[in-house]
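Trainee: Quick one, structure for this:
(2 chains)
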Amino acid sequence: MMSQKNSRRELVLVGLSHRTAPVELREQVAFDGARTEQLSRKLQANQMVAEIVVLSTCNRSELYAVQSAACPANTGALESSFAASHGMLPASLNGYLYRQNDGDVVRHLFRVVASLDSQFLGEAEIQGQVRDAYLRAVAIGVTGPVLNRLFQAALEVGKRVRAETGISARPVSVAFAGVKLGERIFGNFMGHCALVVGAGAVAEQVVQHLRERGVSRLLVSSRTREHAEKLSQRFGGEIVPWESLSSVLATPDVIVCSAASSERVFSRGMLAQAMAVRSNRPLFLIDLAVPRNIEPSASELYNVYLYDIEDLEEIVEENRKARAMEVPRVEEIIAQHVSKFEAWQAATELAATWAGLSQAEKVKLIEARAEQIHPVSLENRQRWIQQTSALLEAERDVDRSDASGRPGRMRSSMRALRILFGYGEERS
Amino acid sequence: MNTPIGFGTAALYALSLVFYVAYLYANKPRIGRIATACLAGGILLNFFNMVERARLVQSVPYQDLYGSMSLFAWLLGLTYLGLEVFHRQRSVGPFVLPFILVLFLVAEMGPSMPSSPPPARGSLFALHVTLNILAYSAFAISFVLNVIFLIQNHVLRERRPGATFWRYPSLETLERMSRSSVLVGIIALGIGIVFGFVWVHRIRGQIWEADAKEIASLLIWTIYCVYWWLSQTTAWRGARASYLSVLNFLVVLFSYTIVNIYLSNYHRYF
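Mentor: Below is the predicted model:
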């Protein structure tokens, strides 16, 4: 009889996300660096898991683990540790936690990194967050061959999805849409000046994007002096007194308006005058205010590009629809990588099974295989057995001499399987 | 298609066009790379095709209209490829490739039988022709860039960006690319015209013959200089300059076709 050494190390996932838990609970169970390290080390030291990666973002807290040989199929213990590390009772997470195994874990992580499980389809941050979580686990030393392979594959999925599909191609926030439209005019904002009129959350987001994209000069103006000072301190801008607005109008290339005003801040005439002074250099206007700060007919002026909040919202809505249409292509890429990962998993498990066989069992297998290949000629069968045995012996010698431990044994097992069955040639 | 090389060139240009269009919609870098590779292959085969044509007619490949069109297609491809590599910008490809393909197809469909060549020999003459056609290629690319500019500008002003809008170069980049392209054209055409005058002086003993082609070439050189100046210094920058560039290219087309065929005394094919 063959030895029944269990080579199967199940992949498990325990976690919660914005789909299952409210933000208050997600805040309570977030893992910072220290908590991640503490939990990972504890679970590994107690031999509850063989490998572990903790992924914690504002939308999710998840533990990806490979069961330890000593403690198989123990998601309950994992859930308890998850709750305990935040000083909570496991029962308090009932109904919020989800658990998955093996192929489902692989698919789930690939969907997460591809942003299919995000609040905003196509968001880019999750790729970096998954990478950081993985690198942290590597630094702590709690990953192994399975999670290394899984997370590297996940990062590859994220990269491909963003490069090969339009899931992240078009902006889906009003602020970002405004900035991206500006880029369609100027290419980039280096060497350009922006003026922000008034204050508001979306206007601040626009300014933040502009600053991140290297806008060279920022002018800030508000009816309330404190607002202008706050904004200028936060983003490093120069304050323009409200009364002097018309005198600086020829300077900026981008104007973001968000002032609470019942009257127009900029009339068509003022802008026409400014365009004459700036020799018709293009002027990009984003009017986020309601009622609008800029006279709508200013959009007819030569080289003036005016977008109000309604225009931007329509564009964002269009883009959301366009992103949703990319989902089947993303799913296709995910399916390819899930199959690839599962094939690798199967190959390594098979190799581990082979390595666990006794010498007698291996001989028996070789003989059975020889009979399959050469069912008639006894002479050929004997020759094949001799050649194969010699090859396997040689592989074992190489393996002993490089003394590389478990990965070396795994390589040797894979070679043996290749010689015997031609298995895993493309995949190891 | 007269030869396997000619067929291969046309096939590669056509494939390149298909992949460029697919790239614009699918946004897959691999498709873009295939498009560029097909274009590079087409340019290489186009070169061998011109060599073959020259061998067949026992003369320079541009001694007839069709030969000069083949050279035009080749230089257009080469100039565009340089621009694409320099600016790392593939989204202009779907607009340039149709010109290359049509020029090459027309060149290939025409007869390439030996004819009595004009006294068109020597490196001065070759440089005159090559530089002038290079200038036409640069102007053609500027035309394409300005058409994209006008479309992009229209979309921005109408506030209705579509799927491919986000993948085109920015207005400023298009203007910059167009200006560089026109500058190359102005320099090439300027030198080409001077070489032409020197060459005509050698064979006829006088520089100026008031030939329609000479007048048209000088006119083209002047209107492109005007575009180049207006596009960056005055209130014309933007769409107005782009319209001017499009009009200028119509003059180039007029010079290349009507002037060559009906009006010029000794310029027939370029």
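
Trainee: how about the helices in chain B?
Mentor: If DSSP state H is used as the criterion, the helices of chain B fall at B:4-26, B:29-57, B:65-87, B:93-109, B:123-158, B:171-204, B:212-233, B:239-254.

Trainee: Save those as CSV, and put in distance to A:Val304 and mean pLDDT too.
Mentor: Every C-beta, even on glycine, is put in place using the N, C-alpha and C of the backbone. Supplementary listing: the helices of chain B in CSV, determined by distance: least, C-beta to C-beta, whole Å; pLDDT from 0 to 100:
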stretch, distance to A:Val304, mean pLDDT
helix B:4-26, 28, 90
helix B:29-57, 34, 89
helix B:65-87, 27, 86
helix B:93-109, 26, 89
helix B:123-158, 9, 89
helix B:171-204, 13, 89
helix B:212-233, 18, 88
helix B:239-254, 12, 92
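
Trainee: how about those helices in CSV, adding mean neighbour count?
Mentor: As requested, those are arranged in CSV below (neighbours: other C-beta atoms under 10 Å in any protein chain shown):
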stretch, mean neighbour count
helix B:4-26, 20
helix B:29-57, 19
helix B:65-87, 21
helix B:93-109, 21
helix B:123-158, 21
helix B:171-204, 19
helix B:212-233, 18
helix B:239-254, 19
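
Trainee: Which one of these lies nearest to A:Tyr305?
Mentor: helix B:123-158 (5.3 Å; C-beta to C-beta).

Trainee: Among the helices of chain B, which comes closest to A:Gly187?
Mentor: Set against A:Gly187 and scored by C-beta to C-beta, the helices of chain B come closest in helix B:171-204, at 4.7 Å.

Trainee: Tell me, what's the model's pLDDT at A:Pro22?
Mentor: If you check A:Pro22, the pLDDT there is 90.

Trainee: any idea how far A:Thr251 is from it?
Mentor: To A:Thr251, A:Pro22 is 47 Å away according to C-beta to C-beta, to the nearest Å.

Trainee: Next, the buried residues of the longest helix along chain A.
Mentor: Of all the segments assigned as helix in chain A under DSSP H, the longest by residue count is helix A:327-355. Applying a neighbour-count criterion of 16 or more other C-beta atoms under 10 Å in any protein chain shown, one finds A:329-331, A:333-334, A:337-338, A:340-341, A:344-345, A:347-348, A:350-355 buried in helix A:327-355.

Trainee: Quick one: list the elements packing against the following helix or strand past it.
Mentor: Per DSSP states H and E, helix A:327-355 leads on to helix A:359-373 as the next helix or strand towards the C-terminus. Packing partners of helix A:359-373 (3 or more C-beta pairs under 8 Å, 6 or more residues apart in numbering or on different chains; DSSP states H and E): helix A:378-402, helix A:406-421.

Trainee: hey, least reliable of the ones you listed by pLDDT?
Mentor: helix A:406-421 (a mean of 65).

Trainee: B:Gly67 and B:Val51 touch, don't they?
Mentor: No: B:Gly67 lies out of contact with B:Val51 (C-beta atoms under 8 Å); the separation is 11.4 Å.

Trainee: residues from the stretch 151-300 of chain A in reach of chain B?
Mentor: A:163-166, A:169-170, A:180-181, A:183-187, A:279-282, A:299 (C-beta under 8 Å from any C-beta of the partner chain).

Trainee: Buried members of those residues into PyMOL, please.
Mentor: The following PyMOL command selects only the buried members of these, with burial defined by 16+ other C-beta under 10 Å:
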select buried, chain A and resi 164+165+166+169+170+180+181+183+184+185+186+187+280+282+299
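
Trainee: Name all residues that make contact with the closest residue to chain B within the stretch 101-250 of chain A.
Mentor: Nearest residue of the stretch 101-250 of chain A to chain B, counting by C-beta to the nearest C-beta: A:Gly187, 3.9 Å away. Taking C-beta atoms under 8 Å, 6 or more residues apart in numbering or on different chains as the contact definition, A:Gly187 lies against B:Pro169, B:Ser170, B:Glu172, B:Thr173.

Trainee: which among those gets closest to A:Glu123?
Mentor: Top of the list for closeness to A:Glu123, among the contacts of A:Gly187 and by C-beta to C-beta, is B:Ser170 at 24.0 Å.

Trainee: Count the neighbours of that closest one for me.
Mentor: Residue crowding around B:Ser170 was assessed by other C-beta atoms under 10 Å in any protein chain shown; the count is 17.

Trainee: Next: A:Asp32.
Mentor: With neighbours defined by other C-beta under 10 Å, the count for A:Asp32 comes to 9.

Trainee: Tell me the spacing between it and chain B.
Mentor: A:Asp32 sits 37 Å away from chain B when distances are taken as C-beta to the nearest C-beta, to the nearest Å.

Trainee: quick one: contacts for that residue?
Mentor: Applying C-beta under 8 Å, 6+ apart to A:Asp32 gives the contacts A:Ser56.

Trainee: Got phi/psi on it?
Mentor: The main-chain torsion angles of A:Asp32 are listed as degrees, to the nearest 10 and equal phi -90, psi -180.

Trainee: ok, which stretches of chain A are strands?
Mentor: Applying DSSP state E to chain A gives strands spanning A:11-17, A:49-56, A:60-67, A:98-101, A:193-198, A:217-221, A:238-239, A:254-258, A:283-287, A:304-308.
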